[in-house]
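Peer 1: Next come a sequence and a model predicted from it.
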Amino acid sequence: MEILDAKALRIFMAVVRYSSIRSAADHLSIAPSIVSRQVADIEKNVGLPLFNRSSRGVTLTDAGVLVLEHGKRVLEDGGLLEEQLEQLKGVQQSRVRICCGEGFLADLIEHGLQAFVDVYPSISYALHLGGTDGVMQAVIEGDADIGIAYNPVIEPKVRSLAISRQPLCAIVHPSSPFVGRETVPLVQCMSLPCALLGKGHGVTDLVGRVAANNGHAMAPLVVTTSVDALRRFVVAGLGVTYLPRFAVATELARGTVEAIELSDPLLNEACAHLMVKARRRLPNSVTRLASHLATAMSAFKSG
């Protein structure tokens, strides 16, 4: 079997991502016939079908899964080689892709990137936000070089370079009757109206699990995709939300909210993770940035 070239693999991987030859062609700005022909050539080269085709689109066969994993390795190694060659030529420009939860954003920029940019001014960044599940998927699929998430599930395809205990807290208005207490169980907070992120976020999944273990169901007054909306909900005196302390550092400094640790063991032992794809050889720019973030960000200093 001839070695599949990078161009063919990129087209194949676009079809996998968009589950459609036409959608992949639109993304790549080429004719669908070119994509279709390229997929047919790869299948001829491999000697096996790579896709199951239906009216709903395409799904991978077992052979397709193997080719996809091969493609990811080839493109990652190609990116690593390109950076190493550029360094030999004296070209220092690099681009690091970061995906993180919104609650990490201020910490990432103010404590993580600010000092790093001064030392490595030639590195650029692509920054995307997502829930815990979305961050992990971005790292696994190779869409992000570095992922930062709160309490992700154990996943062998992901490697955590830094883990720090960051207890989940009840974030309340300064007038709340809970102010002054060191800890409080989740069930006591459930008497207050609350705001939560949607499913797939580490915080929401955690509090939902603990509530269920105590025979309750979370019934938020507000469900949102925005951590900032959660903060504003509390500042406005509308009720309680649940976040780690670093996610409300600005509001705590201003005295507009109070953070009370939740005493439930699962919530009290929650952790922040800085992640990369397992078994991936990291470019120097990614290694340097990840090492810096692990020591500079408040989220990775144990709470």
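Peer 2: The structure has been received and is ready for your questions. All of these numbers come straight from a predicted model, not from anything done at the bench.

Peer 1: Identify the residues contacting the helix or strand hosting residue 295?
Peer 2: For residue 295, the host element (DSSP states H and E) is helix 284-296. Contact with helix 284-296 is made by 83-84, 87, 94-96, 108, 111-112, 115-116, 120, 123, 145-146, 148, 161-162, 274, 276, 282, 300, as judged by C-beta atoms under 8 Å, 6 or more residues apart in numbering. Placement of C-beta: from N, CA and C, glycine included.

Peer 1: same check, this time on stretch 27-42
Peer 2: Taking C-beta under 8 Å, 6+ apart as the rule, stretch 27-42 contacts 4, 8, 10-12, 14-15, 17-18, 21-22, 24-25, 50-51, 67.

Peer 1: Only alpha carbons, please: show it as CSV.
Peer 2: C-alpha atoms of stretch 27-42 as CSV (Å, rounded to 0.1, in the frame of the first residue of the first chain):
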residue,chain,number,x,y,z
HIS,A,27,-15.4,23.7,4.2
LEU,A,28,-12.4,23.1,2.0
SER,A,29,-13.7,25.4,-0.8
ILE,A,30,-13.3,22.7,-3.5
ALA,A,31,-15.8,20.8,-5.7
PRO,A,32,-17.6,17.9,-4.2
SER,A,33,-16.4,15.8,-7.2
ILE,A,34,-12.8,16.3,-6.1
VAL,A,35,-13.6,15.2,-2.6
SER,A,36,-15.5,12.1,-3.8
ARG,A,37,-12.7,11.2,-6.2
GLN,A,38,-10.0,11.6,-3.5
VAL,A,39,-12.0,9.4,-1.1
ALA,A,40,-12.4,6.8,-3.8
ASP,A,41,-8.6,6.9,-4.5
ILE,A,42,-7.8,6.4,-0.8
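
Peer 1: Counting neighbours, which bits of that stretch end up buried?
Peer 2: Within stretch 27-42, the residues scored as buried using 16 or more other C-beta atoms under 10 Å are 28, 35-36, 38-39, 42.

Peer 1: before we move on, what about stretch 128-141?
Peer 2: Buried residues in stretch 128-141 (16+ other C-beta under 10 Å): 129-140.

Peer 1: Which of these sits closest to residue 255?
Peer 2: residue 129 (27.1 Å; C-beta to C-beta).

Peer 1: Residue 247: what's it in contact with?
Peer 2: Counting by C-beta under 8 Å, 6+ apart, residue 247 makes contact with 103-104, 227.

Peer 1: Could I get the full set of helices for the stretch 51-200 of the chain?
Peer 2: 62-88, 105-107, 114-119, 132-140, 186-189 (DSSP state H, counting those that start in this stretch).
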